[in-house]
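Colleague: turn this into a model:
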Amino acid sequence: MIAMLTDFGTRDGYVAAMKAVISTICPSSLIIDISHDIAPQNIAEAKFVLWSSCPYFPANTIFVCVVDPGVGTERKIIAVKTKQYIFLAPDNGLLDMVLNEYNINQAIEVTNKKYFLKNISHTFHGRDIFSPVAAHLTTGIKFKSLGTQITLKKPKEILVSISGKTHCHGSIIYVDRFGNLVTNFKMKKLRPAALKIKEFTVPLKTTYGEVNEGEFVAYTGSSGLIEIAVSDGNAQKMLDADYGTTVEFKVI
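Modeller: All right, here's what the predicted structure looks like:
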């Protein structure tokens, strides 16, 4: 199985071209779209979407992740093999969250042009490199044949565990289509607490329906991280918040 994550959208033919390349090399490939609506060049958004969705894919899935502002430059394309999955991505931090979750068995700088298309565009490596490499991997080529083995350091931890803590600082790491603000706080057990964002103090509840329409609420979302929302509203717009906005957690 190949899972695709890009910022290409569906208006143009970019995603179709990538899938066509994969299907030409390996017609039996099963392709699943994670998302093609990542905001253009928004690596932070891509890393969260990948991290939150990949645990639900079957073992041996190949993740093709193309949010690549540095396309055509000297930035590396890397292939990372874990016990469960293979990830293909530009070496720009997109894999940071998943590589904190999974141990790296092997990492390769993808350089073997044998598995690329013959004519490589300077601006569309998704079609000309990522897609054919993923397709060849599904045919059973050896992982190490993709290029040169490299050593990747485990990325700096992004998530903040608040177990046992009464006060800590974090930030917004994702904003979903509803305007809900996902923080980097993870908490296993609900306890009386609140989040402070800008001048607002937001109570920690179980779900949206525990506050009145138009009121702020914090809760543990489906990703396991604490989120801030507005019941029947848009927290991002009401708070004028975005990626990196500071949030405080306090036990009350």
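Colleague: when you work out contacts or count neighbours from here on, use the C-alpha atoms and nothing else.
Modeller: OK.
Colleague: surely residue 81 meets residue 102?
Modeller: No. If you go by Cα atoms under 8 Å, residue 81 and residue 102 don't touch, sitting 9.4 Å apart.
Colleague: neighbour count: these two, which is higher?
Modeller: residue 81 (21 against 14; other Cα atoms under 10 Å).
Colleague: what packs against whichever strand or helix holds the more buried one?
Modeller: Element membership of residue 81 [criterion: DSSP states H and E] is strand 77-82. Other elements packing on strand 77-82 under the criterion 3 or more Cα pairs under 8 Å, 6 or more residues apart in numbering; DSSP states H and E are strand 86-90, strand 104-110.
Colleague: out of these, deepest packed?
Modeller: Of all the helices and strands packed on strand 77-82, strand 86-90 has the most neighbours on average by mean count of other Cα atoms under 10 Å, namely a mean of 24.
Colleague: buried ones in whichever helix or strand comes after it?
Modeller: Using DSSP H and E, the helix or strand that follows strand 86-90 towards the C-terminus is helix 96-101. Using 16 or more other Cα atoms under 10 Å as the test for burial, helix 96-101 gives 96-100.
Colleague: ditto for stretch 172-183
Modeller: For stretch 172-183, the neighbour count (16+ other Cα under 10 Å) marks 172-175, 179-183 as buried.
Colleague: please apply the same query to stretch 57-66.
Modeller: 57, 61-66.
Colleague: show the average pLDDT along it.
Modeller: Here stretch 57-66 scores 98 as its mean pLDDT.
Colleague: what about that stretch, distance to the chain center?
Modeller: Distance of stretch 57-66 from its chain centroid, counting by Cα atoms, centre = their mean, to the nearest Å, is 12 Å.
Colleague: got it, and stretch 217-228?
Modeller: For stretch 217-228, the distance to the chain centre is 17 Å (Cα atoms, centre = their mean).
Colleague: what do you get for stretch 80-92?
Modeller: Counting by Cα atoms, centre = their mean, stretch 80-92 comes out at 12 Å from the chain centroid.
Colleague: let's have the chain start at 58 instead
Modeller: Noted, 58 is the first residue going forward, which turns the last one into stretch 137-149.
Colleague: give me the nearest residue to residue 151, chain neighbours excluded.
Modeller: residue 104 (4.8 Å; Cα to Cα, 6 or more residues apart in numbering).
Colleague: which SS state does that neighbour fall under?
Modeller: Three-state assignment for residue 104 (DSSP: H, G, I helix; E, B strand; the rest coil): helix.
Colleague: ranges for the helices of this protein?
Modeller: Using DSSP state H, the helices of the chain run over 71-82, 100-110, 153-158, 182, 188-195, 292-296.
Colleague: give me the helices and strands touching whichever strand in the chain runs longest, please.
Modeller: For the chain, the longest strand by residue count, based on DSSP state E, is strand 224-232. Helices and strands touching strand 224-232, by 3+ Cα pairs under 8 Å, 6+ apart, are helix 100-110, strand 238-243, strand 303-308.
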